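Q: My questions concern the predicted model and sequence given below.
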Amino acid sequence: MKIVKLFFATLILCITQSFAHAKITKIITQNQEHYITTTIDYPVAGTYQYENISEPIVVLNLDGTGIFQSKDLSKKEITWGLECTEDGFLRFKEGFDSAAYSIWYKSKDNLINPELDKNNDWKKVEFSIHFNTNKMYIMGERVKDYVN
């Protein structure tokens, strides 16, 4: 009988771990709390660029790091995440054939040495997924194709 109870307890523990929430990070920006995660059911990791132009780019890695290249072609290493609730549910607006999210990012230099950024603030940009064309956009201009 003890073995059966132990078996079920172990089984429940394993199932609970399987359905554990995604990693959520709390950020403070302009004296407001926000929550971000890199977990989403779409392949957001990759390189985003203007159509038919190789630079400037945005690179998002699965681990929440990446590169943001400005229009003057200077590159900054960033930490990024998609805005979510405190419970890890993504905040988004659903359109007819798209969904719009917010990406928060911050230069890694500013995370290490906050005095480099006068506002010491995270920046928010729009991220959208367009289901009919299988494209993802950052700031409405840098695009990446994805396979569904």
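A: That came through fine. Not measured: the values here are computed from a predicted model.

Q: Show me where this structure dips below the pLDDT cut-off.
A: Low-confidence segments of the chain, defined by pLDDT under 70, span residues 1-21, 110-120.

Q: how about the strands in it?
A: Applying DSSP state E to the chain gives strands spanning 25-29, 32-37, 46-49, 57-60, 65-69, 75-84, 92-94, 98-107, 123-130, 135-138, 142-145.

Q: how about the CA coordinates for stretch 59-76, as CSV?
A: In CSV, the C-alpha atoms belonging to stretch 59-76 read as follows (Å, rounded to 0.1, in the frame of the first residue of the first chain):
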residue,chain,number,x,y,z
VAL,A,59,18.5,39.1,-33.5
LEU,A,60,16.4,37.4,-30.8
ASN,A,61,17.8,34.3,-29.1
LEU,A,62,15.7,31.8,-27.2
ASP,A,63,17.5,32.6,-23.9
GLY,A,64,16.3,36.2,-23.9
THR,A,65,19.5,37.7,-25.3
GLY,A,66,20.0,39.2,-28.7
ILE,A,67,21.3,42.1,-30.8
PHE,A,68,19.6,45.3,-31.7
GLN,A,69,21.2,47.2,-34.6
SER,A,70,20.2,50.8,-35.1
LYS,A,71,19.7,52.5,-38.4
ASP,A,72,23.2,54.0,-38.1
LEU,A,73,24.4,50.3,-38.1
SER,A,74,25.7,50.3,-34.5
LYS,A,75,25.0,47.1,-32.7
LYS,A,76,24.0,46.6,-29.0
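
Q: contacts for that stretch?
A: 25, 38, 44-48, 55-58, 77-81, 105, 107-109 (Cβ atoms under 8 Å, 6 or more residues apart in numbering). C-beta here means a position set from N, CA and C on the backbone, and glycine is covered the same way.

Q: Next up, the contacts around residue 22.
A: By Cβ under 8 Å, 6+ apart, the residues touching residue 22 are 37-39, 88.
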